[in-house]
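Colleague: this is a predicted model, with the sequence first.
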Amino acid sequence: DEMLRAASLARYPQRGNARVHRRLYTTESNTQQYDYDLIVIGGGSGGLSCAQEAVNHGKRVALIDYVEPSPHGTKWGLGGTCVNVGCIPKKLMHTAAIHGENIKDARSYGWNVPETEQRHSWEKLMQATQSHIKSLNFGYRSKLMSKNIAYINARASFADSHRITTVSSKLHKQSRDLTAENILIAVGGRPKQLDIPGSEHAITSDDFFWMKEPPGKTLIVGASYIALENAGILTGLGFPTTVMSRSVYLRSFDQQMAGMIVQHMRSHGTNFVENSIIKSIEKLGERRLLVKWTQNNQEHQEEFETVMSAVGRKPETEFLNLKNAGVMTTPDGKIPVQLEKTNVDHIFALGDVAEDKPELTPVAILAGKLLARRLFGGKDTQMDYSQVPTTVFTPLEYGSCGYSEEDAIKKYGNENIEVYHTHYQPLEWSIPHREENACYFKLICLTSQHERVIGCHVLGPNAGEIMQGFAVAMKAGITKETLDSTIGIHPTNAEELTKMEITKRSGLDPQKSGC
């Protein structure tokens, strides 16, 4: 931080005495002074994207960011959830777990890897992961400086619809007001805490990726993708792991695919306690937590070393004083938007705080960039929130784009869709004799539009890489006929998409043997 401050003062000495630059803006009705063209509240993916694009159009921009430490004291730098406690550390740790499985497979391929030498160091993984994250934090700070974006590490709240009050996170808690013609709210969300006695003993994903000590025997409460991804990581790294759920897994995803994920994880050692409600957590001693729950009206209890809450997330809008600006919110704190605009014409919101929008980093990045281009670049391209691809990084990755089978039937009717599907075994799994039909492809086609593909679901290694390419094809309106006429690359997993013939309606067995 000191190095960055010194560099900042050398390049922009006016920042040292906290002077605010003012630019005159003239509208048809009045003349008013604002400190900035745009103030962005939130230094995550969407906020950074919008701020940087606005500067590209010659605008004066300030970005205000503050991370409230978790109840366990975990805090991090600039970059938001994805960089610090989400996508990036998750993917790195997922890769670490996958490497463990690959080491076992290597023996079948002739590599002499004694089982006694297959040991994992949690400390080394954490050190490497956190070092990478901190390098990204530094990169974001440096980029803001190079683009002359004023970075303010402070709490922000609305004084009125054009005025933001900042309170410094440093000593003395200095307060000052900043004004802007346009304001973007991109503060993201944080994990929900358990509402039970002893909830203070449970960590969340905010803490998980910064744990200095190995978690040991772990209970993860929840049925979300965060719960399943972290359970897969811990099981893969050798920790006894239990997932406790009250209802269905991956509620917003295709339920057939969700069931196959859980089945695979269960067969690989993750324990699942279903139809259960956690009642309390009691600390018995150092790294000894007694968890009590009910399952089918029966009471149970068990000791764990770590308990993690993964029961959902909530938007970070509570302390923004949005009422002072007249910005409307839903009862749960989300902000209704139209083209990223709130009910106040010059105040915008995107990312995880926006109501009914996918809570995904690439969505926020593109939405932020397009918003800045519409505001300052004379463009009119709107964000398309349909057919958004995503991947759940469970041990067997799940990539999806478009409709789930349930949603497709609900919207178009079962008689108007055709579902093609097939199981497959990756070639590289054949020598280690892994499961033959654990992996799966499913295409959902709309028959009234020449079998246009409206949903694609992939369960298997590198599903995200496959889905990213296929999402482009879906955006272009690909049909089943186009897929059938496409030459596959052999031998790959993705070529199965070009060879699918069996429909669910036919009742034929989609399991495969041979290539």
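Modeller: Yes, it's here.
Colleague: kindly state the beta-bridge partners for the closest residue to Ile335 other than its chain neighbours.
Modeller: Nearest non-adjacent residue to Ile335, counting by CB to CB, 6 or more residues apart in numbering: Ala349, 4.2 Å away. The way it works is simple: take the backbone N, C-alpha and C, and place the C-beta from them, glycine included. Counting by DSSP bridges, Ala349 forms beta bridges with Ile185.
Colleague: surely Ala349 and Leu339 touch.
Modeller: No - between Ala349 and Leu339 there is no contact under CB atoms under 8 Å: 11.0 Å.
Colleague: the two: which is more packed in?
Modeller: More neighbours surround Ala349 than the other of Ala349 and Leu339, with 32 against 12 (other CB atoms under 10 Å).
Colleague: return the distance of that one relative to Ile183.
Modeller: Taking CB to CB, to the nearest Å as the measure, Ala349 falls 9 Å from Ile183.
Colleague: with Val262 instead?
Modeller: Using CB to CB, Val262 is found at 43 Å from Ile183.
Colleague: the more surrounded of those two?
Modeller: Ranked by neighbour count (other CB under 10 Å), Val262 and Ile183 place Ile183 first, with 28 against 22.
Colleague: element containing the more buried one, please.
Modeller: Here Ile183 sits within strand 175-185, counting by DSSP states H and E.
Colleague: can you pull the contacts of the closest residue to Cys87 other than its chain neighbours?
Modeller: Closest residue to Cys87 apart from its sequence neighbours, by CB to CB, 6+ apart: Thr361 at 5.7 Å. Contacts for Thr361 (CB atoms under 8 Å, 6 or more residues apart in numbering) come out as 45, 82, 86-87.
Colleague: run a quick neighbour tally on Pro114.
Modeller: The number of residues packed near Pro114 is 7, by other CB under 10 Å.
Colleague: what's the pLDDT at it?
Modeller: Per-residue confidence (pLDDT) for Pro114: 86.
Colleague: hmm, Asp206 is touching Val85, no?
Modeller: Yes - in this structure Asp206 lies within contact range of Val85 using CB under 8 Å: 5.1 Å.
Colleague: now for the two: what residues contact both?
Modeller: Applying CB under 8 Å, 6+ apart, one finds that Asp206 and Val85 are jointly contacted by Thr74.
Colleague: show me the strands in the stretch 151-300 of the chain, by range?
Modeller: In the stretch 151-300 of the chain, the strands defined using DSSP state E, counting those that start in this stretch lie at 163-168, 175-185, 189-191, 218-221, 241-244, 271-273, 276-285, 288-295, 298-304.
Colleague: which of these sits closest to Val311?
Modeller: Of all the strands of the stretch 151-300 of the chain, strand 218-221 sits nearest to Val311, with 6.1 Å by CB to CB.
Colleague: now that closest one: average pLDDT?
Modeller: Strand 218-221 carries an average pLDDT of 98.
Colleague: direction included, what does that strand pair against?
Modeller: Sheet pairing here is set by DSSP bridges, and for strand 218-221 it gives strand 241-244 (parallel), strand 306-309 (parallel).
Colleague: what helix or strand is Tyr440 located in?
Modeller: Element membership for Tyr440, per DSSP H and E: strand 439-446.
Colleague: just Leu63 next, same as before
Modeller: Per DSSP H and E: Leu63 is located in strand 61-65.
Colleague: beyond that strand, next helix or strand please.
Modeller: Using DSSP H and E, the helix or strand that follows strand 61-65 in sequence is helix 80-85.
Colleague: what is the very next helix or strand once past that next one packed up against?
Modeller: Next along the chain after helix 80-85, taking DSSP H and E as the criterion, comes helix 87-108. In this structure, helix 87-108 makes packing contacts with helix 122-146, helix 225-236, judged by 3 or more CB pairs under 8 Å, 6 or more residues apart in numbering; DSSP states H and E.
Colleague: which residues sit against the strand holding Leu63?
Modeller: Strand 61-65 has contacts (CB under 8 Å, 6+ apart) with 35-43, 47-48, 51, 54-55, 78, 144, 149-154, 156, 164, 166, 178, 180.
Colleague: near the closest residue to Lys379 other than its chain neighbours, how many other residues are there?
Modeller: Excluding the flanking residues, the one nearest Lys379 by CB to CB, 6+ apart is Arg373, at 4.1 Å. Residues lying near Arg373 (other CB under 10 Å) number 18.
Colleague: pull up the gap between Arg373 and Arg163, please.
Modeller: Distance of Arg373 to Arg163, given as CB to CB: 26 Å.
Colleague: same deal with Lys512?
Modeller: Per CB to CB, Lys512 is found 63 Å from Arg163.
Colleague: name the nearest residue to Leu48, sequence neighbours excluded.
Modeller: The shortest distance from Leu48 to any residue other than its chain neighbours is 6.4 Å, reached at Tyr140 (CB to CB, 6+ apart).
Colleague: give the contact list for that neighbour.
Modeller: Contacts of Tyr140 by CB under 8 Å, 6+ apart are 43, 48, 77-79, 83.
Colleague: would you map the helices across the stretch 301-450 of the chain?
Modeller: Assigned by DSSP state H, counting those that start in this stretch, the stretch 301-450 of the chain shows helices spanning 361-376, 405-412.
Colleague: winner for burial among those?
Modeller: By mean neighbour count, with neighbours taken as mean count of other CB atoms under 10 Å, helix 361-376 ranks first of the helices of the stretch 301-450 of the chain at a mean of 23.
Colleague: of the contacts of strand 61-65, which belong to helices?
Modeller: Of the contacts of strand 61-65, the ones assigned to helices by DSSP state H are 47-48, 51, 54-55, 144.
Colleague: what's the closest of those to Tyr403?
Modeller: Nearest to Tyr403 out of the ones in helices among the contacts of strand 61-65 is Gly47 (CB to CB; 30.2 Å).
Colleague: give me the neighbour count for Glu299.
Modeller: There are 9 residues near Glu299, going by other CB under 10 Å.
Colleague: to what extent is the nearest residue to it once chain neighbours are set aside buried, counted in neighbours?
Modeller: Sequence neighbours aside, Lys292 is the residue nearest to Glu299 in space, at 6.8 Å (criterion: CB to CB, 6+ apart). When counting by other CB under 10 Å, one arrives at 16 neighbours for Lys292.
Colleague: how about Lys292, what does it touch?
Modeller: Lys292 sits next to 278-282, 299-301 when contact means CB under 8 Å, 6+ apart.
Colleague: quick one: buried ones out of these?
Modeller: 278, 281 (16 or more other CB atoms under 10 Å).
Colleague: mind putting the contacts of Lys292 into a markdown table with distance to Ala231 and pLDDT?
Modeller: Converted to a markdown table, those look like this (distance: CB to CB, whole Å; pLDDT from 0 to 100):
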| residue | distance to Ala231 | pLDDT |
| --- | --- | --- |
| Ile278 | 15 | 98 |
| Lys279 | 21 | 98 |
| Ser280 | 21 | 98 |
| Ile281 | 18 | 98 |
| Glu282 | 23 | 98 |
| Glu299 | 24 | 97 |
| His300 | 19 | 98 |
| Gln301 | 20 | 98 |
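Colleague: now the two most distant members of the contacts of Lys292.
Modeller: Ile281 and Glu299 (14.7 Å).
Colleague: buried ones in stretch 246-253?
Modeller: Residues of stretch 246-253 classed as buried by neighbour count (16+ other CB under 10 Å): 249-250, 253.
Colleague: residues touching Trp429, list them.
Modeller: Taking CB under 8 Å, 6+ apart as the criterion, Trp429 is in contact with 105, 435.
Colleague: do you know the pLDDT at it?
Modeller: 97.
Colleague: what do you get for the one 3 residues further on?
Modeller: With respect to pLDDT, Pro432 has a value of 96.
Colleague: my read: Thr241 touches Val273, true?
Modeller: No - contact between Thr241 and Val273 fails when scored by CB under 8 Å: they sit 11.2 Å apart.
Colleague: higher neighbour count, these two?
Modeller: Taking other CB under 10 Å, Thr241 and Val273 do not tie; Thr241 has more neighbours (26 against 16).
Colleague: could you check how far the nearest residue to the more buried one once chain neighbours are set aside is from Gly100?
Modeller: Of all residues not flanking Thr241 in the chain, Leu234 sits nearest, at 4.3 Å (CB to CB, 6+ apart). Note on Leu234: its distance to Gly100, by CB to CB, is 11 Å.
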